[in-house]
Every structure is written in C-alpha cells, then in structure tokens.
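Q: Would you be able to build a 3D model of this:
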Amino acid sequence: PESSAACLASYNRVQSSLCALVLKPPTENTALNYWHPGSSPQEQGREARTTLQNVAQRFPVFGTLFIPQESALVQADTNAVDNLPRAAPPPPMAAPRAAAPVATPAAPVVSGPPLSPSAGASVPQSRAEAAAVPMLQSCLRDTGRSTLYVHIYDEASRLPATLLRQALNPDDDSPLMVAPIENVTRSADLRQQRRPVPWPQPTLVLHDPASRECARAIARYVGTPWLSATDADRVWLRDLPRSLQARPGVIELWLPPIDMATLENRP
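A: Next comes the predicted model:
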C-alpha cells in the first residue's frame, strides 16, 4: 500500500507539472516588456536610498554627510518592496552578455536556497523549515492554489533553482504549484529570438494584485546564491505590464544568472 501511495503521488506530481506547462502563458520578448527589465525613477530613488543606508551602516561618517534623516530612510527601506509602483516598465537597459555555463563557480551552487530540503527525504524538517511552510497558505485562493513559473538564464542556476522549487512545493497538498523550471535563454535560442535581458535581482512578477501576499511568502525562500545574508534589497516585486495578458493566480520568478549574482554578492 505504501508503494502504491508513493506511485500515485509521483503520478499526480508529474501530471500537475505537465498541466502547468500546457497552461503557461506565452512569453513575449518585445522591447518594452519585463524581458528587458528597467527601473523607474521612483524605484531608482528607493534603491539609491537603500545603497546609501548600507554604506552609512558600514561607514558612519557617510551617514552624517549624505543622509540627514537616517531613521526615516530606514523605515522607507523596510517598506520599499511592498510599495513599488504598478506602472508598466520603462525602456530597456543595456543587455549584459549571456552567461557561459562552464565559467560559473561551483561553491554557491552547492549551497542552495536557505530553506531547501536536504538530500535525505527522511530527515525531519528544521524549525526554520517548519515555520516557513505555513507562510505559503496565503497562496491558496478561492479558485484553487496559485501557480509559480520559475525562469533561469543559465544551466548553472538549475541546481539551486531545483532545490528552491522542491522547498516551495514539497508535496501535492502544497498551496503553491511550481511548474518545471525554464531556461529562457535556451528557449529564445530555440525560437531564434533575441535573448532576454536578465533581471539584476531575483524578481517576482505578479499577474494580479491579489497575489502580493503569496509573492511576499515566496520571496522569503530565495537565498544563496542569488542573495547574500546581508542583502537589503532582497527580492523585487513587480506587476505584470498591462500590455500583456494576465492570468489571475499566476506568479513568475525570474532568477539572475549565477555569475551575475555571485559577483554582486561578493564582499
């Protein structure tokens, strides 16, 4: 009976993954959509204040010179992710060179996300993992569970992204269905299209405002190699551009290439 239950669970998981792929909305690569990420003036201002705050914390003299109201900026930084504007993205910025899979360092890949399960399935969950599971209940909707599509730009990101996917979708009863990971650079090459410009930070694109609490819960699972322990910017939340067709309950996670994330998180 246990083997039959495990076989049925495996079958249901594969079926859910295939259904998620079939229902996945088409990804466009025009110049003004989120394949070419940019920052609005409001977002640039918030990110600049965050950078100044981080510098002031490490070098207090800069806080007295450039940040007259440091306490107010600390509060603004705390709410920066939640108060992002919902306007369509601005014109594209310059595209970095595509990451070469053979040139990526191995150390960050092995670490995986901070909340990912260990290799042994029989190992009990840690207190951090047990506390994180209830957070995803916000992904449960009246019409069913939410769907997350994970996008990577290089094959070196697949291993940590797979660990992240396993942590977000540990069983069939999870309120969040995580579709198989897509390498958007490879997809663009197969379609003979221009390669997408990577997001500089892990970014969650929301198809509807009701998914914001679910996106905040998902963001807490994202860690190394994309975010360092002292990273104040954390995960960006963006609304789907109005020019694209939205599907309520769908969230897209865009993970930057490993080499870009490692370079930015290097002390």
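Q: hey, where'd the helices end up in the stretch 151-267 of the chain?
A: Along the stretch 151-267 of the chain, the segments classed as helices by DSSP state H, counting those that start in this stretch run 158-168, 184-190, 212-219, 258-265.
Q: What segments of the stretch 151-267 of the chain are strands?
A: If DSSP state E, counting those that start in this stretch is used as the criterion, the strands of the stretch 151-267 of the chain fall at 176-178, 182-183, 203-206, 236-239, 250-254.
Q: what's the most buried one of those?
A: Neighbour counts (mean count of other Cβ atoms under 10 Å) averaged over each of those peak at strand 250-254, with a mean of 24. All C-beta spots, glycine's among them, are computed from the backbone N, C-alpha and C.
Q: Output the contacting helices and strands for that one.
A: Judged by 3 or more Cβ pairs under 8 Å, 6 or more residues apart in numbering; DSSP states H and E, strand 250-254 is in contact with strand 144-152, strand 203-206, helix 212-219.
Q: go with 6 Å
A: For strand 250-254, the elements it packs on are strand 144-152, strand 203-206, judged by 3 or more Cβ pairs under 6 Å, 6 or more residues apart in numbering; DSSP states H and E.
Q: Can I get the shortest one in PDB, CA atoms only?
A: Yep, that's strand 203-206 we're talking about. Backbone C-alpha positions of strand 203-206 (Å, rounded to 0.1, in the frame of the first residue of the first chain) are rendered in PDB as follows:
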ATOM      1  CA  THR A 203      12.200  39.300  -9.200                       C
ATOM      2  CA  LEU A 204       8.600  38.100  -8.800                       C
ATOM      3  CA  VAL A 205       6.200  39.300 -11.500                       C
ATOM      4  CA  LEU A 206       2.600  39.300 -10.300                       C
END
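Q: just for this structure, where's the confidence low?
A: Applying pLDDT under 70 to the chain picks out residues 1-3, 5-48, 61-134, 229-230, 232-233, 260-267.
Q: give me that answer again for 90
A: 1-135, 142-144, 169-174, 191, 193, 195-196, 223-224, 227-234, 241-245, 258-267 (pLDDT under 90).
Q: still on that earlier bit, could you point out which of the helices and strands packed on strand 250-254 sits nearest Q57?
A: With respect to Q57, and counting by Cβ to Cβ, the nearest of these is strand 203-206 at 24.6 Å.
Q: neighbouring strands for the closest one, and are they parallel or not?
A: With DSSP bridges as the criterion, the sheet partners recorded for strand 203-206 are strand 236-239 (parallel), strand 250-254 (antiparallel).
Q: P257 and R220, how far apart?
A: Between P257 and R220 the distance is 22 Å, computed by Cβ to Cβ, to the nearest Å.
Q: and if you look at V150?
A: When Cβ to Cβ is the yardstick, V150 and R220 sit 16 Å from each other.
Q: Which of the two has more residues huddled nearby?
A: Under the criterion of other Cβ atoms under 10 Å, the comparison of V150 against R220 puts V150 first, with 21 against 14.
Q: how much space between that one and V178?
A: To V178, V150 is 7 Å away according to Cβ to Cβ.
Q: again with R220
A: From R220 across to V178, the span is 15 Å (Cβ to Cβ).
Q: cool, and G249?
A: Per Cβ to Cβ, G249 is found 13 Å from V178.
Q: N169 reaches V178, doesn't it?
A: Yes: taking contacts as Cβ atoms under 6 Å, N169 lies within contact range of V178: 4.1 Å.
Q: hang on, the earlier thing: shared neighbours of V150 and V178, anything?
A: Taking Cβ atoms under 6 Å, 6 or more residues apart in numbering as the criterion, V150 and V178 both touch R165.
Q: Ignoring the adjacent residues along the chain, who's closest to P248?
A: With Cβ to Cβ, 6 or more residues apart in numbering as the criterion, P248 has its nearest non-adjacent residue at 4.5 Å, and that residue is D208.
Q: where does that neighbour fall, phi/psi-wise?
A: Dihedral pair for D208: phi -150, psi 150, per degrees, to the nearest 10.
Q: if we can go back for a sec, turn the strands paired with strand 203-206 into JSON lines, including distance to T185.
A: As requested, the strands paired with strand 203-206 are exported to JSON lines (distance: least, Cβ to Cβ, whole Å):
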{"stretch": "strand 236-239", "distance to T185": "20"}
{"stretch": "strand 250-254", "distance to T185": "12"}
